[in-house]
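Peer 1: here is my input, please return the structure:
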Amino acid sequence: MPNELLGSGAAFLAIALLIIVTLYKAVRIVPQSQKFVVERFGRLHSVLGPGLNLVVPYLDRIAHKVSVLERQLPTARQDAITTDNVLVQVETSVFYRIISPEKTVYRIRDVDAAIATTVAGIVRSEIGKMELDQVQSNRNELTANIREHVRAMVDDWGIEVTRAEILDVALDEATRHAMMQQLNAERARRAQVTEAEGKKRAVELNADAELYAAEQEAKARRILSDAEAYATSTIAAAIKENGIEAAQYQVALKQVEALTAVGQGAGKQTIIVPAQALEAFGDAFKMLKGR
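Peer 2: Predicted coordinates:
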């Protein structure tokens, strides 16, 4: 009897252990950042997503555990030749993530190397359609074209290219030296143009200033002429109204002003005046006094 109990206890323990192992093999917990590829009898059966999953024990097995996190390829440099026969070195960076693990694990062996080779070929092809100036000025358009072509090429591998960037476009030493000479020549030309434009502007401003001065002088002359004309007309009106006395008064006034100016001259201590001038001065004084 004890042997029978011992045998039944061992069988019960074996069954319990088998049940535990079976349950352990049937339950699969997949992390959020991964997907599990399940094979049954060596063939693709299913893909397990994040969370708790059940499989058939002893028939199904987890063949691949694939991370779905975004990945970055190592920065790569490849040579390319533009349509104007300039050799450039293009530095690229690619980010991708796996969205269909069943395609990635069964259709491509080394996904990183395959993407890098694809990107290099597309970069050479796209740059070969453009001139150097276009490559430098249309960097965003070139990057967008490369990204779209890469996405189309890797779609069969279950991969999504999230970013494909051109980090740098470097030139060989000879081309760089020639471009620096061209740039310096362009800077010198612009400096000469700027200097010439400055001189031209200075001449224009000087001409404008001279024209303005001439206009102001002509304006002053017109004012003086108008004043003299007004004075003449006033005198003429006075003569017409008062007769010869008004004319004599104006003549006397001018004589007094002239003699006063002579007396105020520099170094004039003694003034010799002819008798006729004295008589005229006296007459003018009388007329002024009478006025």
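Peer 1: remind me which residues of the stretch 51-200 of the chain are low pLDDT?
Peer 2: 174-180, 183 (pLDDT under 70).
Peer 1: which stretches of it form helices?
Peer 2: Taking DSSP state H, counting those that start in this stretch, the helices of the stretch 51-200 of the chain run over residues 101-107, 111-127, 132-137, 139-154, 173-242.
Peer 1: what's the closest of those helices to residue 90?
Peer 2: helix 111-127 (5.3 Å; C-beta to C-beta). To be clear about C-beta, it is placed using only N, CA and C from the backbone, and glycine gets the same treatment.
Peer 1: check contacts around the residue nearest to the spatial centre of the chain.
Peer 2: The chain has residue 137 as the residue nearest its centroid, 11.6 Å off, counting by C-alpha atoms, centre = their mean. Taking C-beta atoms under 8 Å, 6 or more residues apart in numbering, we find residue 137 in contact with no residue.
Peer 1: return the distance of it relative to residue 169.
Peer 2: Note on residue 137: its distance to residue 169, by C-beta to C-beta, to the nearest Å, is 11 Å.
Peer 1: same check on residue 209?
Peer 2: 52 Å.
Peer 1: more neighbours: these two, which one.
Peer 2: residue 169 (17 against 10; other C-beta atoms under 10 Å).
Peer 1: what distance do you get for residue 155 to residue 127?
Peer 2: As judged by C-beta to C-beta, residue 155 and residue 127 stand 23 Å apart.
Peer 1: swap in residue 96?
Peer 2: As judged by C-beta to C-beta, residue 96 and residue 127 stand 21 Å apart.
Peer 1: more crowded one of those two?
Peer 2: Between residue 96 and residue 127, counting by other C-beta under 10 Å, residue 127 is the more crowded of the two (25 against 22).
Peer 1: is that one in contact with residue 90, as I believe?
Peer 2: Yes - with contact taken as C-beta atoms under 8 Å, residue 127 and residue 90 are classed as touching, separated by 6.6 Å.
Peer 1: report the set of residues contacting both of those two.
Peer 2: Common contact partners of residue 127 and residue 90 (C-beta under 8 Å, 6+ apart): residue 80.
Peer 1: bridged to residue 97, which residues?
Peer 2: Bridge pairing for residue 97 (DSSP bridges) gives the partners residue 160.
Peer 1: following the helix or strand residue 23 falls within, which helix or strand shows up next?
Peer 2: Assessed by DSSP states H and E, residue 23 sits inside helix 2-26. Later in the chain than helix 2-26, the nearest helix or strand by DSSP H and E is strand 27-30.
Peer 1: what is the helix or strand just after that following strand packed up against?
Peer 2: Beyond strand 27-30 on the C-terminal side, the first helix or strand identified by DSSP H and E is strand 34-40. Other elements packing on strand 34-40 under the criterion 3 or more C-beta pairs under 8 Å, 6 or more residues apart in numbering; DSSP states H and E are strand 43-48, strand 60-67, helix 101-107.
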